[in-house]
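Colleague: got a predicted model here, sequence first, then my questions.
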Amino acid sequence: MESQSASGGIKIRLKGFAPSEKNFEFANDEGPCESCADCRPDITEMVNKSSVKYCIMCNHFARITDSSRPTDKHFRVIIFPPEASQPKFCWASVNNSNELVVRHLTIDKWKTDMKARYKQLDVDLEMYALSRDFTMKGKRFGHGIRITSWQPPLGSTGHLEGFNETILSLSGTLSSRKYGPAVVFSYNLDSNFEYKDMDDITTGDFRHVIDYFHNSDWNPAVGDVDRYPEQTLPALLIPDPNHLDREDGSISSICDVIGLHQPILRLTIPTRINVKQACWHVLCDPYNSPIRQMCPNDGSMWHTFILGPLLLGLDWIGRNAMVTDVRNTSSRKLWPEDRWKRSYARFLRQGVRIGRQKLSIDVLNISDGLIAFNAFGIEVHEMHLRAYDEFIYRNMQRDKSERNYTKAEFSEAQYVLSRDVKKAFIYLKDLFQDQRLRDQTQDYERECCFESKLHPSSWTIPSELWQSRLNNLHLEFEPGRPVEE
């Protein structure tokens, strides 16, 4: 158990959160539904706490026993220091104002160093209840668990600094950022699923917290697919390429934050639509629409129908990616609106909104990046996105009278073959989607192509499937082995 200071520290409110308090919107636990008091067995069914025998953080069982408890009014919590270090157990107590008081040298040092970067260090907090996160589906806590950390520091680049490096070392670069020291604590619930009294955090809770850091709804990607409770799909991330000047004269960007200096990153995202990283205006209510479209007030969005792919007949959908300042409460509001200037962003950041016999197109307020994925779950290869970028770039170089933004033009632009070969390839691509030909080749597909020794085979293309424009092509033909009729 780590030593703690006699003063300073942090005071964490435990109850009485108002719905209008954005940073505490997800601090209360989800309670029973109207028709079923047992709809949340993951936090109502008690677990056997005596089964916890070993501390996986400090590797020393004696350090988590009650022998070092200062008083019977102290309870065990976990501190994640802001610097890259190990999580630490610490004692905390509750005062008469229903505030959890956590005093620790790590917190005091950080508050001293960052005092000038906050308006009110003691109140600029954010809180999350694990039961409100989808990644906790099916888990049994035995009590409530909350995580508290700070908002991003002030300044136009505050969202790009001050991260909790300890959490990042446990979760990965694409997890949502926590700022400053983080405190994880547990508590018992009353009949209304609200805070009743404190409880000791356990090593079993620590496993749930790590799952939360990896796969939280606030993350733009799934960090640990094997421990995610639902289906996932492949996607591509286009990070914000804009660089911002910090107050100390250095330059930083989202690419620096996630350690990626390439225009595209492959990742895995949940198939389920997430509703936490978007606005909560009445017109944007996610429960009234099957897919979260663009916000009419400030352009924030979660999912969107992207103009560019729609014009080209591509099955791509866009998803907003938030890595930093996920509550959108601080420096994100100071970002320049025109930062997405690259060619591939010209149409990817334009969203199409559909209503009853109405259609609108507007510019999206993209956050840390845009995620592109196939509407049918098929993998979008990064070369497809690069081809799209090249196509947009070529159109930008043309006079507007010569621009042609059509599916046919895009298909033409992707091929690097000679004219005759290109015609043959396009014809074959369509031919092998025709069931009349596949009926002839099905025996080969099911048997011959799986043989250890492959042999050439040939078929006569039915006259109704042949195109006369191919008669003039100079193609060499190897008849191969005739197929028995």
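Modeller: Ah, there it is.

Colleague: hang on, Lys88 packs against Ile78?
Modeller: Yes - using Cβ atoms under 8 Å, Lys88 is in contact with Ile78, at 7.1 Å. (Glycine included, C-beta is placed from N, CA and C.)

Colleague: what residues does the host helix or strand of Ile145 touch?
Modeller: Assigned by DSSP states H and E, Ile145 belongs to strand 144-150. Residues from elsewhere that reach strand 144-150 (Cβ atoms under 8 Å, 6 or more residues apart in numbering): 10, 12, 27, 29, 43, 118, 121, 124-131, 162, 164, 178-189, 195, 201, 205, 208-209, 212.

Colleague: tell me which of these fall in helices.
Modeller: If you go by DSSP state H, the contacts of strand 144-150 have 43, 205, 208-209, 212 in helices.

Colleague: so which of those is the closest to Ala375?
Modeller: Set against Ala375, the nearest of the ones in helices among the contacts of strand 144-150 by Cβ to Cβ is Tyr212 (28.7 Å).

Colleague: okay, now the closest one: neighbour count?
Modeller: As a burial measure, Tyr212 scores 23 neighbours (other Cβ atoms under 10 Å).

Colleague: quick one: contacts for it?
Modeller: Neighbour list for Tyr212: 128, 130, 133, 135-136, 147 [criterion: Cβ under 8 Å, 6+ apart].

Colleague: relative to Ser457, which of those residues is nearest.
Modeller: For the contacts of Tyr212, the nearest to Ser457 is Thr135 (50.5 Å; Cβ to Cβ).

Colleague: excluding chain neighbours, what is closest to the closest one?
Modeller: Residue nearest to Thr135 in three dimensions, not counting chain neighbours: Asn215, with 4.0 Å by Cβ to Cβ, 6 or more residues apart in numbering.

Colleague: now the one you found: how far from Arg146?
Modeller: 18 Å (Cβ to Cβ, to the nearest Å).

Colleague: how many neighbours does the residue nearest to Leu470 when sequence neighbours are not counted have?
Modeller: Closest residue in space to Leu470, ignoring its immediate chain neighbours: Tyr427 at 6.2 Å, by Cβ to Cβ, 6+ apart. Using other Cβ under 10 Å, Tyr427 is surrounded by 17 other residues.

Colleague: Tyr427 touches Asn471, doesn't it?
Modeller: No - Tyr427 is beyond contact range of Asn471, at 11.9 Å (criterion: Cβ under 8 Å).

Colleague: about what we covered before: mind giving me the packing neighbours of the helix or strand just after the strand holding Ile145?
Modeller: The helix or strand immediately downstream of strand 144-150 is helix 165-171, counting by DSSP H and E. If contacts are counted by 3 or more Cβ pairs under 8 Å, 6 or more residues apart in numbering; DSSP states H and E, helix 165-171 sits against helix 203-215.

Colleague: how about the helix it packs on: buried residues?
Modeller: Across helix 203-215, burial judged by 16 or more other Cβ atoms under 10 Å covers 203-206, 208-215.

Colleague: neighbouring strands - and their directions - for the strand or helix carrying Ala235?
Modeller: Element membership for Ala235, per DSSP H and E: strand 232-239. The sheet places strand 232-239 alongside strand 265-270 (antiparallel), strand 369-374 (antiparallel), with pairing taken from DSSP bridges.
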